[in-house]
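Novice: Give me a model of this one.
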Amino acid sequence: MSALRPLAPTDSQSEAEAETRRIRDDAEAIAVARELAAELAPGAAERDRDRRLPFAELDRLSRAGLFAITVPKAYGGAGVKAGTLARVTAILAGADGSIGQIPQNHFFMLEGLRLEGTEGQKRFFYARVLAGERLGNALSERSTRTAHDIETRIRPDGAAWRLDGRKFYSTGALFADWIVAVAKAPDETAVIAFVRKGTDGLIVEDDWSGFGQRTTGSGTTIFRDVRVEPDHVVPYSALFDRPTPMGPHAQIIHAGVQQGLAEGALAETIRFVRDVARPWRDAGVARHADDPHVTATIGEVSIRVAGAAALLDRAGHFVDAASLDPTEETVAAASVAVAEAKIASTDAALLAGSRLIELGGASATLAVHDLDRFWRNARTHAVHDPQLWKYRFVGDYWLNGTKPPRHGAI
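Specialist: Sure thing, here's the model as predicted:
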């Protein structure tokens, strides 16, 4: 595999003309992710601390072909396994938690396209993604009773459609070529509308102010009588009316984000303890790394992180099985396995992020290091879907054989 060029500042002319790589298989996807993570990691603290939005970095990922790894092989993509997608996500999130999360809804919508898109829609949008274009989400709303209720509306307008509504938590929308909105049709079913960035009436605001995941661009998206092309609408309700892997597919990427944050925090803890932190005076050791309390804590965190990684890998097999044979049983089993992995990775990320500051000592709190970003990012990302509900559905499944509900947040 040829080496990737170093990350360079954005140059709109050269970027537009740059050839987008075609990743061939799972192994190449992981190898490319590791190369890119090594480039991204050195600037992660500065991007988070100064809230420098990663336009150039995401263009780099696009040119490297990582946004196209789930495009099916029949359409020219790598068609990677679910576990590979989760591992690629973890690798990127370990380097930069925001960059690791940004592609989540891009892949979520590509899965929706795979399951419900027409042949023409697949050919068109897969080709755009293979060319390096990105999808941003416009799913959740702030004015509704729950984050999953929908007030945004789409209506027919001759041969086309018109879209009106206001969204928030629009992760990746600032960096996207297409905004993908979930809206209610006149018959009250939900649909997915693909809107090209720059369409009249489409407004994307940079107003995300979360204390974590600061550079995900998860702000407001507004649709004011936006025209949607007739072939750019895909059913959404149908993805959950029947058993499909749509929900577990979405969640395994979220689990990958948390796993990456856990692994990144652990690696940073080991580096900081070895190279920077000073021993406590009562320890009687020359090096902080020789303090038995420190070594025991590192052991605890590493076991939790490794255990979460194993559950994530296991969950990938369940999602792949559900993709091959989507039944009530296989989809429920995949949802539960992914929920277990998400619980474990979230707990590991929060633990590792906290222990990083604890073991690093007072110097670990200095803004120059920005080490608190691991915990802030994990805590912010974790509230996307409440942990307590995951425990409840997992327990009900194993205790009573009750299948969890089908939606994208289990």
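Novice: Are we agreed that Ala341 is in a helix?
Specialist: Yes. Assessed by DSSP: H, G, I helix; E, B strand; the rest coil, Ala341 belongs to a helix.
Novice: Check whether it really touches Arg314, as I assumed.
Specialist: Yes. Using CB atoms under 8 Å, Ala341 is in contact with Arg314, at 7.1 Å. C-beta: built from backbone N, CA, C; applies to glycine.
Novice: hey, where'd the helices end up in this protein?
Specialist: 12-17, 26-40, 44-50, 55-63, 82-95, 97-101, 104-116, 119-130, 238-241, 246-275, 292-324, 328-360, 373-382, 387-400 (DSSP state H).
Novice: could those go into JSON lines alongside mean neighbour count and mean pLDDT?
Specialist: Below are these laid out as JSON lines (neighbours: other CB atoms under 10 Å; pLDDT from 0 to 100):
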{"stretch": "helix 12-17", "mean neighbour count": "10", "mean pLDDT": "42"}
{"stretch": "helix 26-40", "mean neighbour count": "18", "mean pLDDT": "98"}
{"stretch": "helix 44-50", "mean neighbour count": "17", "mean pLDDT": "97"}
{"stretch": "helix 55-63", "mean neighbour count": "20", "mean pLDDT": "98"}
{"stretch": "helix 82-95", "mean neighbour count": "26", "mean pLDDT": "98"}
{"stretch": "helix 97-101", "mean neighbour count": "29", "mean pLDDT": "98"}
{"stretch": "helix 104-116", "mean neighbour count": "23", "mean pLDDT": "98"}
{"stretch": "helix 119-130", "mean neighbour count": "17", "mean pLDDT": "98"}
{"stretch": "helix 238-241", "mean neighbour count": "16", "mean pLDDT": "96"}
{"stretch": "helix 246-275", "mean neighbour count": "26", "mean pLDDT": "98"}
{"stretch": "helix 292-324", "mean neighbour count": "18", "mean pLDDT": "98"}
{"stretch": "helix 328-360", "mean neighbour count": "24", "mean pLDDT": "98"}
{"stretch": "helix 373-382", "mean neighbour count": "25", "mean pLDDT": "98"}
{"stretch": "helix 387-400", "mean neighbour count": "14", "mean pLDDT": "97"}
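Novice: Those: which one's closest to Thr146?
Specialist: When these are compared by CB to CB, helix 387-400 sits nearest Thr146, at 12.1 Å.
Novice: list the helices and strands that closest one packs on?
Specialist: helix 328-360 (3 or more CB pairs under 8 Å, 6 or more residues apart in numbering; DSSP states H and E).
Novice: Show me what the helix it packs on packs onto, helices and strands only.
Specialist: Using 3+ CB pairs under 8 Å, 6+ apart, helix 328-360 sits against helix 246-275, helix 292-324, helix 373-382, helix 387-400.
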